[in-house]
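S.K.: kindly return the folded structure for what I paste below:
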Amino acid sequence: MRPVPPFSEQKAELKRVLASEYFANSPNLCRLLVYLCNKYFEGSSQDLKEYSIAVEALGRTTAFDPVTNSVVRVEAHRMREKLKKYYEAEGTDHPLMIVFEAGRYAPHFVKREELAPAAMEKRSGRPMANAAGELQAGSASPTPQVVAGPVALAEIGKPAARDSGDVAGPKPGMRLPILAIGLVLVILSVAVISWRPGTWRRDGTSLATPSESSPAAGAAAPGDELRILAGYSKENYIDRRGKVWQGDRYFSGGEPVSSSPQTITRTLDPTIFQQYRAGEFSYDIPLKKGVYEMRLYFAETEFGPTTFPGGGESSRVFNVDMNGKPLLVGFDIYRDAGGNNVAYERVFRDVVPASDGRLHLRFRPSYRDKPTLNALEIVPGIPGKLLPIRLVARDDSYTDRAGQVWSPDRYFFHGRLASHKVPVQNTPDPDLYTGERFGNFDYAIPVAPGKYGATLRFAETYFGQLNSGLGGKGSRIFDIYCNGVALLRNFDIFTEAGGASRALDKTFHGLNPNPQGLLVLSFVPVENYAVLDAIEVVDESQ
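M.R.: Residues are numbered from 1 along each chain as shown. Here you go, the predicted model:
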C-alpha cells in the first residue's frame, strides 16, 4: 500500500484546480465538488448517497427521488469531464491529480508518477509526459467544474490542526491501495471524487469560489474572497450560489447564538441567518493589499411582534466601526430590514485593509441591547463601483454565453417561482428565460450609495398560441416601481415583445437606493399576475 499524498499537497492541488480557467464559471459543479471533498476530509465518503448529494449539495428539495431524477449522475459526469480536460491542458504539469472513479462519489488524490504510461497514453491519446491525467478510469463521464474565482489560500499548505476545527484528512481505512498497472486507472478515478472546493479552515485559510466579475486594476487579486458565518460552529456551508462560507473566525468578544429554526424571508439560504455573534465584539481580518467589496448580513430573529420578547423598532440599536471610523451609526436591523426574520444586507465598496494588513470591524452597543452580526462577505472589488448584481428567477445559478454568472433567486418577497420548457426567441441566451417569478412581489436589492442602471428581463411564456393557447394581447398587464417611483405603467409583455415566447429587456438608468441602501423593485398586477425572468443591476457611478 503506497502512502496517500500529504494533506497539505492535496489542498494545494485543489487550490490550483479551483483557480483554473476551467472551473471559473460553474457554481453548481463547484458546489458538488466542495460537498464531495468535504465529506472525504471528514472521513465520511462511505456515507455519500445520491439523495444526500442532491439535497445537501445541489439544492434539491427533500422530495427528491433518485430513481426518477438523474441530476446527481449527470452533474457528476460533467464534473469528471471538466477535470479530465483540465489535466490534459492547464494542469498537464501537475504532479498530483484529483480523481473520481466512475459510478462513485468519493475523491482521491493520486500522484501522476503512479500512473502507468500506457494507461495514460490510452486515455489521453498522447505520451504520459504530456498528458494531464484523466480523472476517471474507463468512463467518458464529464467531470464537475469547480467555480474558482478569488480564493484566499495564503496558508493552504499548512497542515490542518484538528483541535482548531480544521478538516481532517481521510481515515486510513479510506485510502485505496495503488494496484497493479491494470488497476491504476480505477484508483485514479477514486482519488478525484472526495475533496471540496471553496472550503475555509478554522485558521482562516480558505478555498473560496470565484467571484462573478474579474477585479479591475487596483482591486484585490483573485484568491482573496472571504465569507464568514458569525457564530457558526461547523467548518463551512455551501449556499445556493455554490459559494463556500467558513465557520466563525478572526473575532474577539461577543458570544455565538443560534436562533430556533424559522422562516427567513428574502433568501433561499436561511442557514446564513439562523445563527449570529452577539455582544460587544470585533473582527480583525487579514487581507492582502487592494480594494474590496464588503457585505454585512443581518436578520432580527429575537425581537418583533411574533417573538416571545416582542418589541420591534428600537429594540436593538448599535454602531459599527471600520478601521477606527464610523461605518453604521444608530443601526436598527428591524427598522432597515422592514421587520423581523427578514434577510438584510448592507453593502460597502472601496473597502481597504488598515496599515497592519487587517480589516478591523468593531460592533459596539448604542443604547439598546447587544449588537449582532449573522455573516460577512469580502470579495475583490472594482475601485469606485460595485460589482454587477445578476439574479435569475430559478433556484440554481446560470452562466450565460458571455461567461457571466447569474445567481439563484434572492432578495424577493412574495410571488412564486415557475419554470417552463417553451423555447424563447429573440435572445442569444434563451435559458436565461426558462424560469420566472410571478404574482404580486418585489425585490429589495442591497447596494451602496450612488446611481444604478437596472435591466429587467421578460418573456411571455404562458399566454399566446405558442404556449397555453389562451389569451394574448392584454392578458397580462402590470406596473413596475423602483422605491415607489413608477418605471412602467400598464406594461404588457406580449404586446411590446411582438408575441409570445419572445425575449424583452427593459433598462432603466439613474436609479437611487433608498435610505436603507436598497433598490426596491415592485411588480404590481393590473390584469392577471406580474412576472419577471431576471434582473441585472450595474453601478453607474462616475
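
S.K.: would you confirm that residue 81 belongs to a helix?
M.R.: Yes - assessed with DSSP: H, G, I helix; E, B strand; the rest coil, residue 81 lies in a helix.

S.K.: would you quantify the distance from it to residue 74?
M.R.: Residue 81 is 11 Å from residue 74, where distance means Cβ to Cβ, to the nearest Å. Any C-beta I mention is one placed from the backbone N, CA and C, and that applies to glycine too.

S.K.: and residue 379, by the same measure?
M.R.: From residue 379 to residue 74 the distance is 30 Å (Cβ to Cβ).

S.K.: higher neighbour count, the two?
M.R.: Counted by other Cβ atoms under 10 Å, residue 379 and residue 74 do not tie: residue 379 has more neighbours, with 26 against 12.

S.K.: which element is that one on?
M.R.: strand 375-380 (DSSP states H and E).

S.K.: what pLDDT, on average, does that strand get?
M.R.: The predicted model gives strand 375-380 an average pLDDT of 97.

S.K.: tell me the strands beside it, with direction?
M.R.: strand 226-229 (antiparallel), strand 292-298 (antiparallel) (DSSP bridges).

S.K.: spit out the contact partners of residue 416.
M.R.: 437-439 (Cβ atoms under 8 Å, 6 or more residues apart in numbering).

S.K.: which ones among these map onto strands?
M.R.: 437-439 (DSSP state E).

S.K.: per-domain residue ranges of this structure.
M.R.: 7-147+156-194, 226-380, 389-539 (automatic domain parsing).

S.K.: the last one: end-to-end distance?
M.R.: Domain 389-539 has its terminal residues 9 Å apart, counting by Cα to Cα, to the nearest Å.

S.K.: ok now it, how far from the chain's centre?
M.R.: 21 Å (Cα atoms, centre = their mean, to the nearest Å).

S.K.: right, and residue 297 touches residue 273 too?
M.R.: Yes - using Cβ atoms under 8 Å, residue 297 is in contact with residue 273, at 6.8 Å.

S.K.: which neighbours do the two share?
M.R.: Counting by Cβ under 8 Å, 6+ apart, the residues touching both residue 297 and residue 273 are 343, 374-375.

S.K.: for residue 47, see how far away residue 487 is.
M.R.: Separation of residue 487 from residue 47 (Cβ to Cβ): 50 Å.

S.K.: more crowded one of these two?
M.R.: A side-by-side neighbour count of residue 487 and residue 47, using other Cβ under 10 Å, places residue 487 first with 16 against 10.

S.K.: quick check: pLDDT value at the more buried one.
M.R.: In this model, residue 487 carries a pLDDT of 98.

S.K.: for it, which non-adjacent residue is closest in space?
M.R.: Closest residue in space to residue 487, ignoring its immediate chain neighbours: residue 480 at 4.6 Å, by Cβ to Cβ, 6 or more residues apart in numbering.

S.K.: which SSE is immediately downstream of the strand or helix carrying the one you found?
M.R.: Using DSSP H and E, residue 480 falls within strand 477-482. Sequence-wise, the next helix or strand downstream of strand 477-482 (DSSP H and E) is strand 485-491.

S.K.: direction included, what does that next one pair against?
M.R.: strand 477-482 (antiparallel).

S.K.: who touches the closest residue to residue 470 other than its chain neighbours in this structure?
M.R.: What sits nearest to residue 470 in space, not counting adjacent residues and going by Cβ to Cβ, 6+ apart, is residue 463, at 5.9 Å. Residues near residue 463 by Cβ under 8 Å, 6+ apart: 470-472, 475-476, 494, 500.

S.K.: how many neighbours does residue 375 have?
M.R.: 28.

S.K.: any idea how far residue 272 is from it?
M.R.: 5 Å.

S.K.: so what touches stretch 281-292?
M.R.: Contacts for stretch 281-292 (Cβ under 8 Å, 6+ apart): 154, 204, 215, 218-221, 224, 226, 228, 250-254, 350-353, 357-363, 371, 373, 376, 378-383.

S.K.: please redo it, this time with the cut-off set to 7 Å
M.R.: 204, 218-221, 224, 226, 250-254, 350-353, 357-363, 378-381, 383 (Cβ atoms under 7 Å, 6 or more residues apart in numbering).

S.K.: just the ones of the residues you listed in helices?
M.R.: Judged by DSSP state H, the subset of the contacts of stretch 281-292 located in helices is empty.

S.K.: buried ones among those residues?
M.R.: 204, 219-220, 224, 226, 250-251, 254, 350-353, 359-363, 378-381 (16 or more other Cβ atoms under 10 Å).

S.K.: quick one, helices of this structure?
M.R.: Using DSSP H, the helices of the chain run over 7-18, 27-41, 50-52, 71-88, 117-124, 181-191, 333-337, 493-497.

S.K.: for the ones you listed, which one sits closest to residue 394?
M.R.: helix 27-41 (11.3 Å; Cβ to Cβ).

S.K.: so which elements touch that closest one?
M.R.: Judged by 3 or more Cβ pairs under 7 Å, 6 or more residues apart in numbering; DSSP states H and E, helix 27-41 is in contact with helix 71-88, strand 107-111, strand 236-238.

S.K.: just these: most buried one?
M.R.: Among the helices and strands packed on helix 27-41, strand 107-111 has the highest mean neighbour count (mean count of other Cβ atoms under 10 Å), at a mean of 27.

S.K.: now it - C-alpha only, CSV.
M.R.: Backbone C-alpha positions of strand 107-111 (Å, rounded to 0.1, in the frame of the first residue of the first chain) are rendered in CSV as follows:
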residue,chain,number,x,y,z
PRO,A,107,-12.5,11.6,-4.5
HIS,A,108,-8.8,10.5,-4.3
PHE,A,109,-5.6,12.4,-4.8
VAL,A,110,-3.1,10.4,-6.9
LYS,A,111,0.5,11.2,-7.9
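
S.K.: only the buried residues of stretch 512-519, if you could.
M.R.: Residues 513, 517-519 are the ones in stretch 512-519 that count as buried (16+ other Cβ under 10 Å).

S.K.: whoops, I mixed them up, stretch 272-283
M.R.: Applying 16+ other Cβ under 10 Å to stretch 272-283 flags 272-278, 281-283 as buried.

S.K.: re the thing from before, wait, which of the shared contacts of residue 297 and residue 273 is closest to residue 101?
M.R.: In terms of Cβ to Cβ, no member of the shared contacts of residue 297 and residue 273 lies closer to residue 101 than residue 375, at 35.8 Å.

S.K.: what's the pLDDT at the nearest residue to the closest one once chain neighbours are set aside?
M.R.: Nearest residue to residue 375, sequence neighbours excluded (Cβ to Cβ, 6+ apart): residue 297, at 3.9 Å. At residue 297, the model reports a pLDDT of 98.

S.K.: count of residues packed around residue 297?
M.R.: The tally of other residues near residue 297 (other Cβ under 10 Å) stands at 24.

S.K.: go on, the one 5 residues further on?
M.R.: For residue 302, the number of neighbouring residues by other Cβ under 10 Å comes to 22.

S.K.: residue 527 touches residue 476, doesn't it?
M.R.: Yes - at 6.4 Å, residue 527 counts as touching residue 476 under the criterion of Cβ atoms under 7 Å.

S.K.: which ones are touching residue 488?
M.R.: Per Cβ under 7 Å, 6+ apart, neighbours of residue 488: 479-480, 506.

S.K.: now the residues you listed in JSON lines, with neighbour count, distance to residue 21 and pLDDT?
M.R.: Formatted as JSON lines, the contacts of residue 488 follow (neighbours: other Cβ atoms under 10 Å; distance: Cβ to Cβ, whole Å; pLDDT from 0 to 100):
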{"residue": "479", "neighbour count": "16", "distance to residue 21": "43", "pLDDT": "98"}
{"residue": "480", "neighbour count": "20", "distance to residue 21": "38", "pLDDT": "98"}
{"residue": "506", "neighbour count": "15", "distance to residue 21": "33", "pLDDT": "97"}
